[in-house]
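> need a structure here:
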Amino acid sequence: MIRLLTAADHDICMELVQQQPAENLFIIGDIEAFGYDQPFQKIWGQFEEDKLIAVLLKYESNYVPYTQEAFDVEGFAEIINADEKMTDLSGLKHIIDQLEPFIGKELFKKQELYYAKCTALKKIYPEQDLQAVEKLTRDTIEENVALLKTIPEFASSPTTVESKLRVLESNTGRTYFMREAGVMVSSASTTAENSLSAMVVGVATHANYKKKGYATKCMQKLCGELLDEGRSLCLFYDNPAAGAIYKRLGFEDIGFWNMLRYQK
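Modelled structure (predicted):
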């Protein structure tokens with residue numbers, strides 16, 4: 001049986017998704033932030049003999065399913081197909097692969113990304129080597145956005161001063177950076193922070209300052225702080241070579257994350 005979940009189901013919902021907090025970063029974060037009674041957010045649950053075995057989150061036009069076992073694929077697809085405004089379906093590859101054939105909209109773009117998580121940091125640099133790593137504040141946001149715009153893979157990013165400020169003020173993300181000769185040259189950030197996990201994003205170094213360990217130091221400082229707070233970390237990457245820096249710090253691949261975008 002599939003039905004909408006309410007605040008009365010919160011404990012059993014969290015019991016399911018908290019078993020894998022990194023994999024369920026978006027579901028946990030959205031439920032903590034917005035709950036079960038918002039017009040733009042809904043959570044359905046599938047029950048077998050009164051046990052919750054699968055959930056489907058709708059946030060605006062985005063859908064994210066999660067389960068650890070066999071689930072009612074066609075039942076979830078029916079819910080998704082009934083939403084004319086649905087544009088995005090994302091989640092762990094083995095779940096999305098089952099749903100994709102049943103989605104009735106025209107696929108616009110599909111991305112398959114490596115998904116990695118870290119629950120214990122491997123320290124590469126001693127603490128004294130991290131003393132020059134600074135935490136981003138309101139006063140340095142503009143400089144950080146300017147740095148990201150100089151880097152090809154971030155040039156088309158929707159990141160703005162306003163969006164960075166919103167993340168900072170809502171305590172859903174933070175950024176650490178380094179300077180050389182007074183110029184900001186490298187940074188690493190989190191987003192979608194919740195009580196259990198956070199997503200690492202925006203790991204970047206200006207082309208003229210690569211191979212100096214700046215990004216690794218920013219990452220070590222950032223990840224160490226979050227792990228000390230009891231949160232697990234996760235990130236996406238699409239280039240195995242780019243994954244090397246993360247694995248040196250203790251990240252481990254946990255599978256693939258598929259992002260499907262459909263025609264409006």
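
> ok, now which ones touch the closest residue to Asn208 other than its chain neighbours?
Ranked by Cβ to Cβ, 6 or more residues apart in numbering and with sequence neighbours excluded, the top spatial neighbour of Asn208 is Val185, at 7.7 Å. (Each C-beta comes from the backbone N, C-alpha and C, glycine too.) Val185 is in contact with Leu147, Met178, Arg179, Thr205, His206, Asn208, Tyr209, Tyr214, counting by Cβ atoms under 8 Å, 6 or more residues apart in numbering.

> select only the buried ones of the residues you listed in ChimeraX?
Command for ChimeraX that selects the buried part of the contacts of Val185, burial taken from 16 or more other Cβ atoms under 10 Å:
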select :147,178,179,205,206,209,214
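
> pretty sure Asp30 sits in a strand.
No: looking at Asp30 with DSSP: H, G, I helix; E, B strand; the rest coil, it is helix, so not inside a strand.

> and it, how many neighbours?
A count of nearby residues for Asp30, using other Cβ atoms under 10 Å, gives 22.

> which of the residues in the longest helix along the chain are buried?
The longest helix of the chain (DSSP state H) is helix 214-228. Buried residues in helix 214-228, counted by 16+ other Cβ under 10 Å: 214-224, 226-227.

> just want the angle from the helix or strand that that helix is followed by to helix 214-228.
The helix or strand immediately downstream of helix 214-228 is strand 232-237, counting by DSSP states H and E. Interaxial angle, strand 232-237 versus helix 214-228 (axes from the mean of the first three to the mean of the last three Cα atoms, to 10 degrees): 150 degrees.

> helices or strands next to strand 232-237 in the packing?
If contacts are counted by 3 or more Cβ pairs under 8 Å, 6 or more residues apart in numbering; DSSP states H and E, strand 232-237 sits against strand 107-118, strand 197-205, helix 214-228, helix 243-248.

> dump those into TSV; add distance to Phe154 as well.
Converted to TSV, these look like this (distance: least, Cβ to Cβ, whole Å):
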stretch	distance to Phe154
strand 107-118	16
strand 197-205	6
helix 214-228	13
helix 243-248	16
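
> and of the ones you listed, who's closest to Gln18?
Nearest of the helices and strands packed on strand 232-237 to Gln18, taken as Cβ to Cβ: strand 197-205 at 9.6 Å.

> can you list the strands that the closest one pairs with?
Its sheet considered, strand 197-205 pairs with strand 183-191 (antiparallel), strand 232-237 (parallel) by DSSP bridges.

> isn't Tyr214 right up against Ser186?
Yes: under the criterion of Cβ atoms under 8 Å, Tyr214 makes contact with Ser186 at 3.5 Å.
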